[in-house]
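# with the sequence up front, the predicted model follows.
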Amino acid sequence: MLALRDVTVGYGKTPVLRDVSLRVDSGRIVALLGANGAGKTTVMRTVMGLLKPWSGDVRLGARDIGGLRTARVVRLGIGLVPEGREVFAHLTVAENLRMGAYTRRDAAEVAQDRERVFRLFPVLGERLGQRAGTLSGGEQQMLAIGRALMARPRLLLLDEPSLGLAPLLVREIFQVLRQIHREGTTVLLVEQNAHMALQVADYAYLLETGRVVRHGAPAELLEDPAVKRAYLGG
Amino acid sequence: MFWQLVVSGLATGCIYALVALGLTLIYKATEHVNFAQGEMAMVGAFLGYTLYTDLHLPVSMAVAGAVVLSGVVGLVIQFVVIRPAADQPHFNVFIITMGLSIVLRSLAGLVWSHDEFPFPGLFPVRPVTFGPVVVTPLNLGTIAVAVGIMAGLFAFFRYTRHGVAMRAVCERPEAAQLMGVEVRRVFAAVWVLSAAVSGLAGALIAPVLNLSTHMGAVVIPAFAAAILGGWGSFPGAIAGGMALGVIENLAGGYLAGQIKNMVPFLVVLGVLVVRPQGFLGEKEIRKV
Ligand SMILES: Nc1ncnc2c1ncn2[C@@H]1O[C@H](COP(=O)(O)OP(=O)(O)O)[C@@H](O)[C@H]1O
Ligand SMILES: [Mg+2]
């Protein structure tokens, strides 16, 4: 579904990603792991068209989407839950969800998807009129995910959804991720929390200072001594 | 006398409020401070004048036309002057809008001359009496139109898809892009809206001030109004505008006529000392 081939990109003149290649096949959950500063967010931003690749290409199916305007990428069916949630703090929960469905004109199905979001995150249904800025961190993360689902993306990118959350909430978020995936959405998940990510993923890539240094099935990566040392605490 | 001063002050205050709203729209969306806001109002009023005198449209149509044409002027300005400079530091854009204000005034002078013209009012000026209060329909009509437009803007931002999207863009342009919003189009739309609102303000105040290329100076009390209410706040711009209009008129009426023009400066000084965030403004929270 999504494929990056030899993508090099950065900010200003310094490259951050060098010749990164990775694939997310339809129906999978793929994890992208790496330490802070490895370039995980940069991968997401490049896919979303927030950065234009210097070289290499980004394909969605057969289509080259490298450097396409973000609003166009969203309309092709890719959604991003950004790092740090980025909910609209001054907008209500209902308005945030409405923004998630901004590209859609099928009101009846949007209403169904809203119900689906409330099933996944019942607390959002109870906070509809509340400004997003007044929600707790966990609730904001749920809203960020719910908002992205409102676009009904075929491919959902999540950038560190567990960041800063209590373990119980992290578990809940990951459960919902599994559920979303079961219901037919392909997922690319960025995590520093390698344990959790490898539990849900079908396939994983390991990024180190802008390069893919390992990739494989979670079982293989869990056995890899280098991975163990760096990311799994021994 | 007090209530007359209040009502006519409110009418002027509504004009300040509209121009202040125009400033706030652009500031909230792009963090640009548009010094040419007053000249945009002036050009709008002149366009209305031309529709009235040369095309012989009825006053109401001329004013409506002024609003629409102002929007077009806003779009052209955004495309030609602002968009190419969008990545520049905000201060540079501010200087560009200062230049723009001079250019607009000169162009208006070339087209219409720097004379004063009587501008037809939407409403009659012959006073009517309500008990002890004598007011002009012009004042009441100005207030009604301005309040109607503000209510319309409120409903737009609150209830419509594009209105909510504009608020989202104001807060987090990048996240709004991730929702599929074409942010550059929203920035252009904000200039259209801002210019249209200012054009209306120009057409509403022209009958009172007489139409001239100096009308752009209305931007000064509009800035004062926005600061009084809380820079960057929509309710603040409205309340600040109305309050400033009334304060100015009362000071002019009870103290001395000459004080009137100083009031905006005194108010700004006072606010910045006593309550820098303005009365309805939020304390500035710097995004990291
Ligand atoms: N806006 C930016 N400007 C310049 N450098 C950046 C910017 N964003 C990230 N970087 C640099 O790019 C590298 C990768 O960042 P990022 O993709 O955010 O890593 P990760 O998400 O894996 O923590 C880091 O060294 C970071 O300092
Ligand atoms: Mg990151």
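Everything's here; your move. Ligands and ions are numbered 1, 2, ... in the order given.
# next secondary structure after the strand or helix carrying A:Pro15?
Following DSSP states H and E, the helix or strand that holds A:Pro15 is strand A:14-24. Sequence order places strand A:29-34 as the next helix or strand after strand A:14-24, per DSSP H and E.
# in contact with whatever residue of the stretch 1-150 of chain B ends up closest to ligand 1: list those residues for me.
For the stretch 1-150 of chain B and ligand 1, the shortest gap (C-beta to the nearest ligand atom) falls at B:Asp87, measuring 14.2 Å. For the C-beta atoms, the positions are set from N, CA and C on the backbone; glycine is no exception. By C-beta atoms under 8 Å, 6 or more residues apart in numbering or on different chains, B:Asp87 lies in contact with nothing.
# can you verify it is assigned to a helix?
No. Under the criterion used here (DSSP: H, G, I helix; E, B strand; the rest coil), B:Asp87 is coil, not part of a helix.
# avg pLDDT for the strand holding A:Pro15?
Averaging pLDDT along strand A:14-24 gives 95.
# now the angle from it to strand A:29-34?
In terms of direction (axes from the mean of the first three to the mean of the last three C-alpha atoms, to 10 degrees), strand A:14-24 departs from strand A:29-34 by 160 degrees.
# hmm, strand A:14-24 in reach of ligand 2?
No. Strand A:14-24 does not reach ligand 2 (C-beta under 5 Å from the ion); its nearest approach is 10.9 Å.
# list the pairing partners of that strand within its sheet, with orientation.
strand A:2-11 (antiparallel) (DSSP bridges).
# now the strand it pairs with: mean pLDDT?
96.
# mind exporting that strand as PDB, just the C-alpha atoms?
Output of strand A:2-11 as PDB, limited to C-alpha atoms (Å, rounded to 0.1, in the frame of the first residue of the first chain):
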ATOM      1  CA  LEU A   2       2.600   2.500   1.100                       C
ATOM      2  CA  ALA A   3       6.200   2.300   0.000                       C
ATOM      3  CA  LEU A   4       9.200   4.600   0.600                       C
ATOM      4  CA  ARG A   5      12.100   3.900  -1.600                       C
ATOM      5  CA  ASP A   6      15.600   5.400  -0.900                       C
ATOM      6  CA  VAL A   7      14.100   8.500   0.600                       C
ATOM      7  CA  THR A   8      16.500  11.200   1.700                       C
ATOM      8  CA  VAL A   9      15.100  14.300   3.300                       C
ATOM      9  CA  GLY A  10      15.900  16.800   6.000                       C
ATOM     10  CA  TYR A  11      15.500  20.300   7.300                       C
END
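# which helices and strands does the lengthiest helix in chain A pack with?
Determined from DSSP state H, the single longest helix within chain A is helix A:167-182. Helix A:167-182 is packed against helix A:107-120, helix A:137-149, strand A:186-191, helix A:194-200, with contacts defined by 3 or more C-beta pairs under 8 Å, 6 or more residues apart in numbering or on different chains; DSSP states H and E.
# does the first one reach chain B?
This points to helix A:107-120. No. Counting by C-beta under 8 Å from any C-beta of the partner chain, no contacts exist between helix A:107-120 and chain B, the nearest distance being 10.8 Å.
# tell me what that helix is packed against?
Helix A:107-120 sits against helix A:122-126, helix A:137-149, helix A:167-182, with contacts defined as 3+ C-beta pairs under 8 Å, 6+ apart.
# could you rerun that using 6 Å?
Applying 3 or more C-beta pairs under 6 Å, 6 or more residues apart in numbering or on different chains; DSSP states H and E, one finds that helix A:107-120 contacts no other helix or strand.
# residues touching that helix, excluding its own?
For helix A:107-120, the surrounding residues in contact (C-beta atoms under 6 Å, 6 or more residues apart in numbering or on different chains) are A:Ala101, A:Arg104, A:Gly125, A:Gly146, A:Leu149, A:Met150, A:Val176.
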